[in-house]
Structures are given as structure tokens and as C-alpha cells.
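Asker: when you get a sec, could you give me coordinates for this:
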Amino acid sequence: MSISFDSSRWKNVQETYRKFWAGELERPIIPVVLKGRDPGRPKPSAPLLSQETCHDFSWSAEQLIDRIDYELSTYEYLGDAYPYFNLDCFGPGVAAAMMGARLDNSSGRVWFWPAEEKPIQDIHLELEPDNRWLQRVKDICAAAMQRWQGQVLVGMTDLGGNLDIPATFVTSQKLLLELIDHPDEVIRLTWEAHENWHKAYDEINAILQPVNPGYSDWSYIFSDQPSYILQCDFSYMISPRMFGKFVLPELKKTTQRLKRSFYHLDGIGQIGHLDQLLTLPDLNGVQWIHGDGKPDSSHWPEVFRKIHTGGKKIQIHSGGFAAIEAVWDQIGRPTIPGIHYQGIYGLMNEKNQMQAQLNRFEIA
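Answerer: All right, here's what the predicted structure looks like:
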């Protein structure tokens, strides 16, 4: 038994997302993934690639892909779901490690630290062509393309973004001070990070394409053209004025360089930046993450209405079917919603229940 997804289903996914991006899809996108399918073979001995195991280079890329293939073979894909591997297993912001930062996953989660602390004037960012993390990602992508031949979409690794990468090398606390003490140096580092980010993106995509059936990232949003979910988590700690000076210009340039993009609006501290984000003509959508301890996605109508009236698409990440329906109502049916739910996960014995919920949205 192999991964349960064939070329005809991929054609359906591609057509659904064509309508989504074109503003023609008159329903939300709802991927549902169920676990518990019989994979039809023994579990390989290699570990499942994750932030906890990404440091172990004793396993070949081919062995890791075989283990991932086994995992994907235990899934059933309903609604708008498709077979996909989330390559965020090297941590959020691995582009920093590709530029020489230290990757530390001793806690089971990946964190990045400067190899050595220097004054900001002495920090210069450059993608290292022989970097072990860059090469490891490339090797895994090459093995995935060889193994799956377009049956599975491999998402772009979580490169990080904007001030988050400079913050790795300067440290977040010091970078907050440097915004005031050495603003020109911060801007210089931001543009150095920008150029090397795109270089890494292009180099990895050169391995993935044209075999990969599309483009995605950790957001699970499919595109048939280069896309990415942009972010600047550091901006939680700065004012809208500083966001406009240090963050927005780079975001604008990246949305111009990519065919499609979303922004990862992470936490209530970033809501103050939403008005400026909505001025970016080439930004396609916003993913709102309310943060730990906050109510689910159905409880933020003012945020979703603002995103929708600003002409951007929406990604929801919590609350399940009830939240999807609530947000759809909040932005005003029957307008074309441009709503994408990040993913609903369950077990095989919930298949009938899940399909019944999908039927309510007229999703086969």
C-alpha cells in the first residue's frame, strides 16, 4: 500500500486553488487529514524528521524520506487536503543557520544563536554556499523529488524573515536598542538578510522544481507559482512607527519578488501593524494567530473584517468547522470569502463525521 492520492486528485487540488487565488472560489478551503490508515509495510528504523531529530546526520536523506513516506501512507486526505511534508523541522528561521548562526535543538525545539557576539557594525550576513544546514535541506529535497515524483508536495523550509534573522545575530534585546542607537546598521542588516533569504529560497526551489507539484510552506497554502508566508515576529515588540520604518519596506520588496504571499500576523502585539500591512498591494493574504491562552479564531471578528475589507485573503488556524462558519458569517456571506483553514486533523474512525461536516460546505 502506498500514499493514498493520485494524479486526478492533484488536478482537483490545483483547480480549487486556481479559483482561490483568482477570487472565484465561493467557499472556504478546508483540508482534513485523518491518521490511522494501514501503510501496508513495517515502520522504517529511521526517525521521523522533526526539530528534535534534525541534528542527526547519521541517517541519509533517502532513509529520512522513506520514513516520511511511511508516515504519509498512514493518512487519508479529505476535502482540500493533499499529501505534503512540512519542512519546518529545521526550526523557525533556519536561514540564519545557513548564514552561520548556531542551531541548537538540545531542548527538543530548535533555537538559533549567534556563533559569536559582535558589535552590530561588524556583523555582515552572507549565505554560506557549503553550509551543512543548507546542504542537508537540499539533499532531503532532492531525495523527496526522486522518491515521490510529484505525488507529495514538499513545503519550503521555514527560512524565517525580516528582523527575525538580524535578531538572531544581534540578539533580540540588543536589536531593540540598536533600532534607536544604530538605525542605519539595522536597515543594512535587514537588506543583507533579504538578499540572502531570496538566494536560499531560489537555491532550494531549484531542487524542488519542476517535479514538486506546486509551492507551499508551513502554512499548507498551495500555489502553482512561487509563494511564501512572510513574518516578522520581532515586530510584536515595536511600535507601528518603527514597523513602518524597519519592517514594511522589506516586506513590500519581497511581496514584489514573490508571485504570491501571506503575512503571519502572530499575536495581539502585531494587530497595530495590520493597517500598514493592508497597504501592500502585492500581499495576497493575512494569517491571524491569536496566541496561547486567547479564544479561538471565531472570537476575532474585527480582525477578520478588517483583513477582508482590506481586500486580502484570510487564513484561520483554530476552532475547526465552527470557527470557519463563524468567520464566514462575520465577513458577510455570500461574498467570495477567500478563507483558508490551515488544517483539521483527526482519526480514520472519524471519517464519516468529518465528511458530513465537509458536505455542509459543499466539499466532496
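
Asker: quick check: bridge partners of residue 316?
Answerer: Taking DSSP bridges, one obtains residue 341 as the residues bridged to residue 316.

Asker: quick check: longest helix of this structure.
Answerer: Longest helix in the chain by number of residues (criterion: DSSP state H): helix 183-208.

Asker: what residues sit buried inside that helix?
Answerer: Residues 185-190, 192-194, 196-201, 203-204, 207-208 are the ones in helix 183-208 that count as buried (16 or more other CB atoms under 10 Å). Placement of C-beta: from N, CA and C, glycine included.

Asker: cool, and stretch 252-262?
Answerer: 252, 254, 255, 257, 258, 259, 260, 261, 262.

Asker: same thing with stretch 97-110?
Answerer: Applying a neighbour-count criterion of 16+ other CB under 10 Å, one finds 97, 98, 99, 100, 101, 103, 105, 110 buried in stretch 97-110.

Asker: hang on, residue 89 packs against residue 54?
Answerer: Yes - contact status for residue 89 versus residue 54: in contact at 5.2 Å, counting by CB atoms under 8 Å.

Asker: just the CA coordinates of stretch 187-200, formatted as PDB?
Answerer: C-alpha atoms of stretch 187-200 as PDB (Å, rounded to 0.1, in the frame of the first residue of the first chain):
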ATOM      1  CA  ILE A 187      18.500  48.700   7.900                       C
ATOM      2  CA  ARG A 188      21.700  47.400   6.300                       C
ATOM      3  CA  LEU A 189      21.400  44.100   8.100                       C
ATOM      4  CA  THR A 190      17.700  43.800   7.100                       C
ATOM      5  CA  TRP A 191      18.600  44.200   3.400                       C
ATOM      6  CA  GLU A 192      21.500  41.800   3.700                       C
ATOM      7  CA  ALA A 193      19.100  39.200   5.200                       C
ATOM      8  CA  HIS A 194      16.600  40.000   2.400                       C
ATOM      9  CA  GLU A 195      19.100  39.200  -0.400                       C
ATOM     10  CA  ASN A 196      20.400  36.100   1.200                       C
ATOM     11  CA  TRP A 197      16.900  34.900   2.100                       C
ATOM     12  CA  HIS A 198      15.900  35.000  -1.500                       C
ATOM     13  CA  LYS A 199      19.100  33.400  -2.600                       C
ATOM     14  CA  ALA A 200      18.400  30.400  -0.300                       C
END
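
Asker: quick one: the strands in this structure?
Answerer: Secondary structure of the chain, counting by DSSP state E: strands at 31-35, 75-79, 84-85, 102-104, 111-113, 153-154, 227-230, 260-266, 285-289, 313-316, 339-341, 344-347.

Asker: what packs against the longest helix of the chain?
Answerer: Counting contacts by 3 or more CB pairs under 8 Å, 6 or more residues apart in numbering; DSSP states H and E, helix 183-208 is packed against helix 95-98, helix 132-148, helix 164-170, helix 172-181, helix 248-257.

Asker: what's the angle between it and helix 248-257?
Answerer: 20 degrees (axes from the mean of the first three to the mean of the last three CA atoms, to 10 degrees).

Asker: now do helix 183-208, average pLDDT.
Answerer: Mean per-residue pLDDT for helix 183-208: 98.

Asker: do stretch 104-118 as well
Answerer: 95.

Asker: pull the distance from it to the chain's centre.
Answerer: Offset of stretch 104-118 from its chain centre (CA atoms, centre = their mean, to the nearest Å): 21 Å.

Asker: span of that stretch from start to end?
Answerer: End-to-end distance for stretch 104-118: 19 Å, by CA to CA, to the nearest Å.

Asker: what about residue 266, how many neighbours?
Answerer: When neighbours are counted by other CB atoms under 10 Å, residue 266 registers 17.

Asker: beta partners of it?
Answerer: residue 289.

Asker: can I assume it is in contact with residue 230?
Answerer: No - Residue 266 is not in contact with residue 230 according to CB under 8 Å; the separation is 11.3 Å.

Asker: which residue sits closest to residue 234, ignoring its sequence neighbours?
Answerer: residue 163 (4.1 Å; CB to CB, 6 or more residues apart in numbering).

Asker: tell me who's in contact with that neighbour.
Answerer: Listed by CB atoms under 8 Å, 6 or more residues apart in numbering, the contact set of residue 163 reads 175, 186, 190, 232, 234, 235, 246, 247.

Asker: contacts only, for the second one.
Answerer: Spelled out, that is residue 186. Applying CB under 8 Å, 6+ apart to residue 186 gives the contacts 120, 163, 166, 175, 178, 179, 246.

Asker: do the fifth one as well
Answerer: For residue 234, the contacting residues are 162, 163, 164, 167, 172, 175, by CB under 8 Å, 6+ apart.
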